[in-house]
Every structure is written in C-alpha cells, then in structure tokens.
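Engineer: sequence and predicted model, in that order:
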Amino acid sequence: MSLFTFVFSLWQLAAPIPPPADSAVVVRSVTLAGNVRTQDRIIFREMAIRTGDTLRRSELTQKVAWDKRKIWNTNLFVSVDVAAVEDTTAPLGNRPINVTVTMKERWYIFVVPIFELADRNLNEWWYDRGHDLRRTNYGVRLDWKNFTGRNDKLTAVAQTGFTPKYILAYDRPYVDKAQRIGVNADFYYATNREIAYRPFLDKWEYIRPAGLTTLRTRLTTSVAVTRRDGFYNFHELEARYTNNTIADTVARLNPDYFLDGRTRQQFLTLTYNYRYDRRDNVAYALQGTLLTAMLSRSGWLPNADLKQTDLLLGVSRYYPLSKRFFAANTIRFRNVWADRQPYFGIRGLGVGDDVIRGYELYVIEGNQYGVFRNNIRFRLFDVKKEWKWIPVKQFNTVPIAAYLSLIADAGYISSNIAEKYQSRLANRWLYSTGISLDVVTYYNMVFRFSTVVNAQHETGFFLNIQREL
C-alpha cells in the first residue's frame, strides 16, 4: 500500500459521515427572539414546526422557509430569520435540531397628518382634474398596529377638506384560545361637497353647485366574525348597515341615483368572504396562490332601498421561471343580480382593485365583468440595508427591491346602461400592454411606474402607490 493510499484511508475514516438525506430529525426546541411587544402565541400560530416534531431532512428546508414567510406576512416585523441548527454532538442516528426565530419588530403606532387627493387615483387627478390642489383632503389618521400585542389593529380618522370623513375601526384576528375566531367592527361617516352623479363617455361627471355645502352624506357601521382554518384559509361573515342621503339637486339631475328621484337610501347587507392565501409575500408576491370569493346580499330590511346580490371570484398565481424571472397571472370575475339597480349600486371597472391597466382614467360601469392580468417580472436587485446612523431600530433596516415588469391585460364588461350614458368601452373587449418599474421598500410600500398602451391606441404614464401600515 502506498503512503498516499494509507493517508487517504485515514482521512476518510476521520472525516464526518454525512447523515442520510432522508433520515429523521427531532425538533428539540423552538425559541423566539426579538418579539418585545408581540405575544409568543401570535408567532407560534404561524409555525408548522413544533417542539417534539419528527421531520424528514428532505422536508426541513421547505418547512423552515414557509414558516418564515408566514411570520413575515403578519406584517408585524421588519425582518424575520428562521434557523434550524443540528446538534452535531449527538449520535448520528439521533441528532435533534434547535429552531430559532429571530425578529425585529416594526414601529406600530403611526399618527400622521392626512394630505391626500379626493379623486379616485393620482392619475385621474393629474390628467383629468388639472392637478388642482384644492381637490385635497387633510386631517389626522391614527393606525395602531399590534394594539395589545395580539396582531390587532385600531384605526381612527378625522378628516376635513374636500371630503370630510370620520372613521373608527378595530380588528382583532383571534379571541379564542385555539386562535381561530376573530372579530372586527367599524363606523364610517362622510360628507361630500362634490360628487359624481353620472358617467358620460366613461368618465364621471361631477356637480358642485354654488352655495350648497353638502351634496351627499354616507353612514355605515358593521360588525364581522372571522375564522381561520389552518394557515391559509380565511373566512369572514359581515353585517353592515348603510344610510345614505343626497341633495335634491342630485336627485333632479339623475333620478336613478337612488331610483325614482329618492334622496335617501338605507339597507342592510350580509357578506361572506373567503380567502385562500399562500403567497410568499402579501405585498409583492413572487410565488404562491391567492383565491378570493365574495357573496353579498343587500336588502334584508323590510323597507330596504337597495336589493341586489353580488358575487366576486378571483384567482392569482405567482411562480418563478428562473432565478431572476417570475410570472404572475390574475383572473377576476364579478356579477350583480338586481331587478332594478340604482346608479349608486353599480360597480364597474376603474374603482378599487378591479382595473385594466391602461384604463386608469376611465370608469366603465356595468353589472358583469371579467379581468385577466398578466406580468413577467425580472428582478433587478433585492437588498437589505442596515443604516446604523438611524437611532430608531424599527427604521434602520431598509429593504429595497426593484423589478422590471412586462404587462399584458385583457377584460370585458357587460352593461345594460352603456347606451344611456354613452359608454364607448362597455360591451367590448379591452386589452393593454406595457412595461413598469416596481419598487418594493419600507413597510411593504410598492411604487409602480408604468407606461401602457391600450386597445384605443392611447398611451399613458401612470404612477400607483400601494402601502400597508
């Protein structure tokens, strides 16, 4: 035997023997670090890994990754790290692991001045309202996340200006020991000094008569019970009372606003919401699935002024194509059933989340619509900066990521009022394509800078901001 062969044999004997790839490990401990305000049970609620669990090595990495994502998606922390460390001093066939979750909590209390636009979005205000600074609201807003350390939230708004508004809301996701049942309630009151009383050519027409201070008042109050099954299934049953009034001027200009020239509208709505949410990041997902369903019925009171049924279905899929390329597809469908529908009850494209990109300047009214949105994303960079010179630890960790995204959207809205209001975009296929730069940063804020061309060969530059406090 040569000297080399002898030394190599000794080295092989001395080298550590790797454990079998699919052998079992036992979780000896799960330790939390960094949650000063957040109660331990709120974090453990998100974890599939428990003390005493026996896991296969082949599944350990994936379970650790998904537990990290679920804790991150509570939106309670600036950073989350989950590490599973094996005790190499134990015998090879019986090595336990210790799991440590290290977190840095967010700043939870935001008392911020309100200075916002009264229009649907920044794009409408800039292009259609001549970026008039008089069309603004101002006041103060309180968002107190993690109010009692149970991932609950208190919200209060006092606003004046273009649209005086007052809001008080409280949401607590768990009230039972098993952490499945939650409750929320809210109160909303607003007055409008200018309102859109009808659409014309797929744009809202506004009225603001001289000397009339209030054209519309809106009061709603609701209470809801929520239920969470497992990690990814969310249910909500809500009862909401609504009482709206309008000025005589509005009823004369559009008798169908509340129907039959009425100036008051009140009704009770029961709504069931379901969400299956298994996304890696709720603010800007790159992997996972989101399913949503909503069924509501308005008109439970004997003297209800609105009687209609509303169904909304949606599915979104996010998946990686390679290390830096990602795809996202979303389909949403909505249908409203009503014998007679007041204009104020119509929900079309262009309000809220349902929009075909490239048509941000339009409101396309109708009772049925479908939207198909698609993206191919390229990750330019994804970094996390530690700025030690910032004394407040909740703000000195700055995550920032940027993506270049190709856009391709399509949709169709069916409307029985298209002729009445001279709609050019209802009852026809709509589509658009373009490119956007998406910047994801502080506290789940997403800035989208888009250039899109639609089926009418209109090209526009749009800025959209999404944030979660």
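Structural biologist: Arrived safely. Everything quoted here is computed from the prediction, not taken from an experiment.
Engineer: could you pull out the helices for the stretch 51-200 of the chain?
Structural biologist: Applying DSSP state H, counting those that start in this stretch to the stretch 51-200 of the chain gives helices spanning 57-72, 122-127.
Engineer: same list (these) but as TSV, adding mean pLDDT and mean neighbour count.
Structural biologist: For glycine as for every other residue, the C-beta is placed from the backbone atoms N, C-alpha and C. Listed next are these as TSV, based on pLDDT from 0 to 100; neighbours: other CB atoms under 10 Å:
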stretch	mean pLDDT	mean neighbour count
helix 57-72	91	17
helix 122-127	61	17
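Engineer: residue 421: which of those is closest?
Structural biologist: Residue 421 sits nearest to helix 122-127 of all the helices of the stretch 51-200 of the chain, at 17.6 Å, using CB to CB.
Engineer: can you list the low-confidence ranges for the stretch 101-250 of the chain?
Structural biologist: For the stretch 101-250 of the chain, the stretches with pLDDT under 70 are 115-135, 211-212.
Engineer: let's see that with 80 instead.
Structural biologist: 114-138, 161-163, 208-213 (pLDDT under 80).
Engineer: hey, C-alpha coordinates of stretch 417-427 in CSV?
Structural biologist: The C-alpha trace of stretch 417-427 is given here as CSV (Å, rounded to 0.1, in the frame of the first residue of the first chain):
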residue,chain,number,x,y,z
ILE,A,417,-76.7,51.2,-19.2
ALA,A,418,-74.0,51.7,-21.8
GLU,A,419,-76.3,53.4,-24.3
LYS,A,420,-77.9,55.6,-21.7
TYR,A,421,-74.6,57.0,-20.5
GLN,A,422,-72.9,56.8,-24.0
SER,A,423,-70.2,54.4,-22.9
ARG,A,424,-67.6,53.7,-25.6
LEU,A,425,-65.8,51.0,-23.7
ALA,A,426,-68.5,48.7,-22.3
ASN,A,427,-69.8,45.6,-24.2
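Engineer: wait, doesn't residue 83 sit right on residue 102?
Structural biologist: Yes - the pair residue 83 / residue 102 is scored as a contact, 7.4 Å apart, by CB atoms under 8 Å.
Engineer: and residue 292, how far from residue 285?
Structural biologist: Distance check for residue 292 against residue 285: by CB to CB, to the nearest Å, it reads 13 Å.
Engineer: actually residue 216, not the one I wrote
Structural biologist: 37 Å.
Engineer: go on, residue 148?
Structural biologist: Using CB to CB, we find residue 148 at a distance of 29 Å from residue 285.
Engineer: who has more neighbours, residue 292 and residue 285?
Structural biologist: It is residue 285, of residue 292 and residue 285, that has more neighbours when counted by other CB atoms under 10 Å, with 21 against 17.
Engineer: please name the residues that touch the nearest residue to the more buried one once chain neighbours are set aside.
Structural biologist: Distances taken as CB to CB, 6 or more residues apart in numbering place residue 279 nearest to residue 285, at 3.9 Å, with adjacent residues excluded. By CB atoms under 8 Å, 6 or more residues apart in numbering, the residues touching residue 279 are 73, 285, 287-290, 318.
Engineer: measure residue 166 to residue 263 for me?
Structural biologist: Taking CB to CB as the measure, residue 166 falls 22 Å from residue 263.
Engineer: let me fix that: residue 440
Structural biologist: According to CB to CB, residue 440 and residue 263 sit 46 Å apart.
Engineer: so those two - more neighbours on which side?
Structural biologist: residue 440 (19 against 16).
Engineer: ok, and that one, which helix or strand is that part of?
Structural biologist: Assigned by DSSP states H and E, residue 440 belongs to strand 429-441.
Engineer: name the residues of that strand that are buried.
Structural biologist: By neighbour count with 16 or more other CB atoms under 10 Å, strand 429-441 contains the buried residues 430-434, 436, 438, 440.
Engineer: residue 250 belongs to a helix?
Structural biologist: Yes - counting by DSSP: H, G, I helix; E, B strand; the rest coil, residue 250 falls inside a helix.
Engineer: which residues does the nearest residue to it once chain neighbours are set aside contact?
Structural biologist: Closest residue in space to residue 250, ignoring its immediate chain neighbours: residue 197 at 5.2 Å, by CB to CB, 6+ apart. Residues near residue 197 by CB under 8 Å, 6+ apart: 205-207, 250, 253-254, 257.
Engineer: will you turn those residues into TSV that also has neighbour count?
Structural biologist: Below are those laid out as TSV (neighbours: other CB atoms under 10 Å):
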residue	neighbour count
205	14
206	15
207	16
250	24
253	15
254	20
257	24
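Engineer: max pairwise distance over these: which two?
Structural biologist: The distance between the two most remote of these (CB to CB) is 13.3 Å, for 206 and 257.
Engineer: that's a strand at residue 41, yeah?
Structural biologist: No - counting by three-state DSSP, residue 41 is not part of a strand but helix.
Engineer: may I have the phi/psi pair for the nearest residue to it once chain neighbours are set aside?
Structural biologist: Of all residues beyond its chain neighbours, the one nearest residue 41 is residue 179 (6.8 Å), with distances taken as CB to CB, 6+ apart. For residue 179, the backbone dihedrals are phi 60, psi 60 (criterion: degrees, to the nearest 10).
Engineer: ok, the residue lying closest to residue 268 once chain neighbours are set aside to residue 309 distance?
Structural biologist: Spatial nearest neighbour of residue 268, excluding adjacent residues (CB to CB, 6+ apart): residue 300 at 4.4 Å. Between residue 300 and residue 309 the computed distance is 12 Å (CB to CB).
Engineer: next one: residue 158
Structural biologist: Residue 158 is 35 Å from residue 309, by CB to CB.
Engineer: could you do residue 336 as well?
Structural biologist: The gap separating residue 336 from residue 309 is 7 Å, by CB to CB.
Engineer: of the two, who's got more company?
Structural biologist: Taking neighbours as other CB under 10 Å, residue 336 and residue 309 compare with residue 336 leading, 19 against 13.
Engineer: right, and residue 181 touches residue 174 too?
Structural biologist: Yes - the pair formed by residue 181 and residue 174 meets the contact definition of CB under 8 Å, at 6.9 Å.
Engineer: compare those two (neighbour count), which wins?
Structural biologist: residue 174 (19 against 16).
Engineer: so in terms of bridging, what pairs with residue 460?
Structural biologist: Note on residue 460: beta-bridge partners by DSSP bridges are residue 452.
Engineer: what's the answer for residue 83, then?
Structural biologist: Bridge pairing for residue 83 - DSSP bridges - gives residue 100.
Engineer: list the contacts for it?
Structural biologist: With contacts defined as CB under 8 Å, 6+ apart, residue 83 is in contact with 64, 99-100, 102.
Engineer: top of those by number of neighbours, please.
Structural biologist: Of all the contacts of residue 83, the highest neighbour tally under other CB under 10 Å goes to residue 99, namely 23 neighbours.
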